[in-house]
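Asker: turn this into a structure:
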Amino acid sequence: MKPTLAVIGFLLLIVSAFINLGYWLSAPANEPVQADLIVTLGGGTGGRDQMAAVLYNAGYAKKILLTGMGVSSNAGQSYYQSPRSLFLLKQGIPAEALIFDGQSINTHQEAFNTAALLKVHHWQSALVVSDPPHIRRVGFCLQPVFEKAGLSFQLIQSTAPTWHAGRWWQDKKWAQFCVREVVKLIYYALAYRN
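Answerer: Prediction:
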């Protein structure tokens, strides 16, 4: 039995989607521009904070927001002792440049809490740093929240030397990350879009 042209076309579409998934997930990333705030999202393996330090030291913004810090009864002191903060302090970032978000537990909440912080300080723009395959979902969450609030953002990829968009499936860590992102994007589309 010969496969039909439609079946072959469908299989080629599936193969193409698989191969290009890494590019699609990381595609909305931007080049940095001057902003009011650098936001380094929670999670990741340190590359997010590393990129935030690079951006700060290059003069793109004067404040860094660290999200996903977790709720703490002594948050003010313990946040400065976190590995993330200590890394940034060692990179020459002054303590007064750091702001902490201990409330957000997912990307959706990070979008709302970041927008609220910008509004409180009368800031207009943010550079939002995350891992390359997380960029699509970050944009999905930020876009409606920031647009409604009249704010702007640029998505910046973290430092991720082992990430290769064209070979995402060859690295176990990134393969798992990409599959989780697809599942989360589907969930977010169902749960958080009007």
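Asker: for the closest residue to residue 30 other than its chain neighbours, what are its contacts?
Answerer: Excluding the flanking residues, the one nearest residue 30 by Cβ to Cβ, 6 or more residues apart in numbering is residue 154, at 4.2 Å. Quick note: C-beta positions are derived from backbone N, CA and C, even for glycine. Counting by Cβ atoms under 8 Å, 6 or more residues apart in numbering, residue 154 touches 30, 31, 32, 33, 35, 125, 126, 127, 128.
Asker: separation between residue 154 and residue 79?
Answerer: 25 Å (Cβ to Cβ, to the nearest Å).
Asker: same thing with residue 105?
Answerer: 16 Å.
Asker: so which of these two has more stuff around it?
Answerer: residue 79 (19 against 13; other Cβ atoms under 10 Å).
Asker: ranges for the helices of the chain?
Answerer: Along the chain, counting by DSSP state H, helices occupy 5-26, 47-57, 75-80, 83-90, 107-120, 135-149, 172-191.
Asker: could those helices go into TSV alongside distance to residue 163 and mean pLDDT?
Answerer: Output for those, formatted as TSV (distance: least, Cβ to Cβ, whole Å; pLDDT from 0 to 100):
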stretch	distance to residue 163	mean pLDDT
helix 5-26	8	84
helix 47-57	9	96
helix 75-80	28	70
helix 83-90	20	94
helix 107-120	18	96
helix 135-149	11	96
helix 172-191	6	93
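Asker: just say which of those is most tucked in.
Answerer: helix 47-57 (a mean of 21; mean count of other Cβ atoms under 10 Å).
Asker: so what's the residue nearest the centre of the chain bridging to?
Answerer: In the chain, the centroid-proximal residue (Cα atoms, centre = their mean) is residue 130; its distance is 2.9 Å. On the basis of DSSP bridges, residue 130 is bridged to residue 157.
Asker: in contact with it, which residues?
Answerer: Going by Cβ under 8 Å, 6+ apart, residue 130 touches 41, 43, 44, 48, 138, 155, 156, 157, 158.
Asker: among the residues you listed, which ones are buried?
Answerer: With neighbours counted by 16 or more other Cβ atoms under 10 Å, the contacts of residue 130 contain buried members at 41, 44, 48, 138, 155, 156, 157, 158.
Asker: distance check, the residue nearest to residue 30 against residue 178.
Answerer: From residue 154 to residue 178 the distance is 22 Å (Cβ to Cβ).
Asker: nearest residue to residue 167 in space, please, no chain neighbours.
Answerer: residue 22 (7.5 Å).
Asker: the one you found against residue 181, yeah?
Answerer: No - counting by Cβ atoms under 8 Å, residue 22 stays clear of residue 181, with 10.0 Å between them.
Asker: now do the shared contacts for these two.
Answerer: Joint contacts of residue 22 and residue 181 (Cβ under 8 Å, 6+ apart) are residue 133.
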